[in-house]
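> A predicted structure for the sequence below; I have some questions about it.
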Amino acid sequence: ELNGAITIVVLGASGDLAKKKTYPALFRLFHYGFLPENTFIVGYARSKMTHEEYLDRITRFIKVKGAEEDIEKFKKITSYHQGQYDDDKSFQSLNDYLKTLEKERGIDVGKRNRMFYMALPPSVFIPVAHGLKKNVYAKEGSTRVVVEKPFGMDSASSKHLAQSLAQCFSEEEVYRIDHYLGKEMVKNLMVVRFANIFFSQIWDRKYIDSVQITFKEPFGSEGRGGYFDEFGIIRDVIQNHLLQVLSLVAMERPISTEAEAIRDEKVKVLKCIPPIELSDALLGQYVAANGKPGYLEDETLKDKNSLTPTFAALVCWVQNERWEGVPFILKAGKALNDAKVEIRIQFRNVAGNLYKGAARNELVLRVQPEEAVYIKFNNKEPGLSYHTIQTDLDLSYHSRYKDLEIPDAYDSLLLDVMRRDHSNFVRSDELEAAWKIFTPLLHKIDGREGVKIENYAYGSRGPAQLDGFVKRYGYDKSEAH
Ligand code: BG6
């Protein structure tokens, strides 16, 4: 795909995301031989930094054992260029710098490949897109623009962003990152569904009772209160990460594994989901407990009376032939009792069951930690009795694939960008469909219209109402755990 070498420009190079995710991922790709030869990486941001400060910053989070020699080599293919985000002169100077680097590396003008990785605060997003297009765009050769969330706050702001971006770059040039799409188990969803005859045949309302997609984090907004309070848990992880997972669980079989075929199906299924009703939502905010501060005590929080939810359980209804009547319950929370992301598909009761009390089957895909696929399954208790017991058919990655390393989501996604594979990136119409599902609810929450926020203790399972809430949608927890 890369006809020539690539120059990667990390915009927002002094930020947290670049330091913790982007540079370590670029390093691993370099270390394992996945970066094209002759790659160069330029960090760009407003802060003044010396070359040494920059190198120290971008290598601090690299944790690959025995890679010291490669880290030294990696340092030689990167440098920092300081500039503003809203100023043509800065971008012209960046362009001159890139040209010099390309010339030094013997790259023909016609074979310039430039990748712009935008890890930027939303406020500078539009000026940067215009500045890049006007001054730094590779007219000959190729341009890739990688965009990090947030992609707006609601339908209107997202549309505005999309229009500004579309004025500058074509959809083929744009890669909207949702890093959940780079996670191993999320990438596995299509394989599990479409390469196994027993799943593909029972994947509908006739056999499936409910789907739960759960995200639990054991820490609060600590240190990110400014950002988090504006966005809240729904915008932060549900509208993007969990909805992406939902669309892969619920979509129809694509006609091929081509990116557009997959994305067409994802958009189609999202369009079958009406906006979430407030009555289908349980919202919460954590309070101090177990020696940990409550959300409102976060020092980085401006509004000390904030009603921003840090927990939400929301139910989506997919109104099509396959899914009508099956609740898709999306649950996410900060400051909970566990660190876990999983997809739990609960099947219906066996009709005319001979074995009263046998629990429902469940298929669970654990996204993290410790990837696993397991099925809750009824078995005869070994021995002279005929009791049924529930057991697991368990595929745990750490025991089955001992010698294989599971790549980080960012490694996988950045490699996709290099290969120009859009399968795991969010298309613009997909984003629009996603916002439509959440915008009315978010506006009610922002406007505090009849919205109740339940308290829950830091380190707990979430609001006390949670079990009752999932039960309302038919989730049967009797023997399934
Ligand atoms: C980010 C959110 O998109 O995803 C964070 O902004 C959240 O609040 C993070 O912690 C979770 O990602 P991961 O990969 O740690 O599950």
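Looks like it arrived, so ask away.

> what residues does the stretch 301-450 of the chain put near the ligand?
Residues of the stretch 301-450 of the chain lying close to the ligand (Cβ under 6 Å from any ligand atom) are residue 341. The way it works is simple: take the backbone N, C-alpha and C, and place the C-beta from them, glycine included.

> where do the strands sit along the stretch 301-450 of the chain?
Applying DSSP state E, counting those that start in this stretch to the stretch 301-450 of the chain gives strands spanning 311-317, 327-333, 340-347, 362-368, 372-380, 388-396.

> now do the stretch 1-150 of the chain
Assigned by DSSP E, counting those that start in this stretch, the strands in the stretch 1-150 of the chain fall at 6-11, 40-45, 78-82, 113-118, 142-147.

> of all the ones you listed, which one is nearest residue 447?
With Cβ to Cβ, the closest approach to residue 447 among the strands of the stretch 1-150 of the chain belongs to strand 142-147: 28.5 Å.

> with just CA atoms, put the helix or strand following that closest one into CSV.
Counting by DSSP states H and E, the element after strand 142-147 in chain order, helix or strand, is helix 155-168. Extracted in CSV, the C-alpha atoms of helix 155-168 (Å, rounded to 0.1, in the frame of the first residue of the first chain):
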residue,chain,number,x,y,z
SER,A,155,-26.0,15.4,16.6
ALA,A,156,-25.7,19.1,15.7
SER,A,157,-22.1,19.6,16.9
SER,A,158,-21.0,16.4,15.4
LYS,A,159,-22.5,17.4,12.1
HIS,A,160,-20.7,20.7,12.2
LEU,A,161,-17.4,18.9,12.8
ALA,A,162,-18.1,16.4,10.0
GLN,A,163,-18.8,19.2,7.6
SER,A,164,-15.6,21.0,8.4
LEU,A,165,-13.6,17.9,8.1
ALA,A,166,-15.3,17.0,4.8
GLN,A,167,-14.3,20.4,3.4
CYS,A,168,-10.7,19.5,4.0
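
> buried sites along helix 155-168?
Residues 155, 158, 161-162, 165, 168 are the ones in helix 155-168 that count as buried (16 or more other Cβ atoms under 10 Å).

> list just the nearest of those residues to residue 255.
Looking at those and their distance to residue 255, the nearest is residue 162, at 26.0 Å (Cβ to Cβ).

> would you mind measuring from the closest one to residue 436?
Residue 162 is 13 Å from residue 436, where distance means Cβ to Cβ, to the nearest Å.

> ok, which stretches of the stretch 51-200 of the chain are helices?
In the stretch 51-200 of the chain, the helices defined using DSSP state H, counting those that start in this stretch lie at 51-59, 68-75, 88-104, 122-135, 155-168, 184-194, 197-201.

> which residues sit against the first one?
What that stands for is helix 51-59. The contact list for helix 51-59 (Cβ atoms under 8 Å, 6 or more residues apart in numbering) reads 13-14, 18-19, 23, 27, 43, 49, 71, 74-75, 78-80.

> now, the most widely separated pair of the residues you listed?
Farthest apart among those by Cβ to Cβ are 14 and 71. That separation is 19.5 Å.

> count the neighbours of the residue of the stretch 51-200 of the chain found nearest the ligand for me.
Nearest to the ligand in the stretch 51-200 of the chain, going by Cβ to the nearest ligand atom, is residue 179, at a distance of 5.9 Å. A total of 21 residues lie near residue 179 under the criterion other Cβ atoms under 10 Å.

> number of nearby residues for the nearest residue in space to it that is not next to it in sequence?
Nearest non-adjacent residue to residue 179, counting by Cβ to Cβ, 6 or more residues apart in numbering: residue 409, 4.4 Å away. Around residue 409 there are 22 other residues, counting by other Cβ under 10 Å.

> go ahead and confirm residue 409 touches residue 183.
Yes - with contacts counted by Cβ atoms under 8 Å, residue 409 reaches residue 183, the gap being 4.8 Å.

> report the angle between the helix or strand residue 212 falls within and strand 311-317.
According to DSSP H and E, residue 212 maps onto strand 208-216. Here the directions of strand 208-216 and strand 311-317 differ by 150 degrees (axes from the mean of the first three to the mean of the last three Cα atoms, to 10 degrees).

> give me the nearest residue to residue 122, chain neighbours excluded.
In space, residue 122 comes closest to residue 150 once its chain neighbours are excluded; the distance is 5.7 Å by Cβ to Cβ, 6+ apart.

> which residues touch that neighbour?
122, 231, 235.

> who wins on neighbours among those residues?
Going by other Cβ under 10 Å, residue 235 tops the contacts of residue 150 with 22 neighbours.

> for that residue, phi and psi?
phi -70, psi -30 (degrees, to the nearest 10).

> isn't it right up against residue 442?
Yes - counting by Cβ under 8 Å, residue 442 is a contact partner of residue 235 at 6.9 Å.

> what is in contact with the two at once?
With Cβ under 8 Å, 6+ apart as the test, residue 235 and residue 442 both reach residue 153.

> quick one on the thing from earlier: buried ones in the strand holding residue 212?
208-216.

> rewinding a little: and residue 14 and residue 71? which has more neighbours close in?
residue 14 (21 against 15).

> neighbours of the closest residue to residue 386 other than its chain neighbours, how many?
Distances taken as Cβ to Cβ, 6+ apart put residue 380 closest to residue 386, at 6.5 Å, once the chain neighbours are dropped. As a burial measure, residue 380 scores 11 neighbours (other Cβ under 10 Å).

> circling back: so which of the buried residues of strand 208-216 reach the ligand?
When contact is defined as Cβ under 6 Å from any ligand atom, the buried residues of strand 208-216 do not meet the ligand at all.

> just put the buried residues of helix 155-168 in a markdown table and tack on distance to the ligand and pLDDT.
Listed next are those as a markdown table, based on distance: Cβ to the nearest ligand atom, whole Å; pLDDT from 0 to 100:
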| residue | distance to the ligand | pLDDT |
| --- | --- | --- |
| 155 | 20 | 97 |
| 158 | 16 | 95 |
| 161 | 17 | 93 |
| 162 | 19 | 93 |
| 165 | 19 | 93 |
| 168 | 24 | 95 |
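
> okay, the residues you listed in a markdown table with distance to residue 99 next?
As requested, the buried residues of helix 155-168 are exported to a markdown table (distance: Cβ to Cβ, whole Å):
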| residue | distance to residue 99 |
| --- | --- |
| 155 | 40 |
| 158 | 34 |
| 161 | 29 |
| 162 | 30 |
| 165 | 25 |
| 168 | 20 |
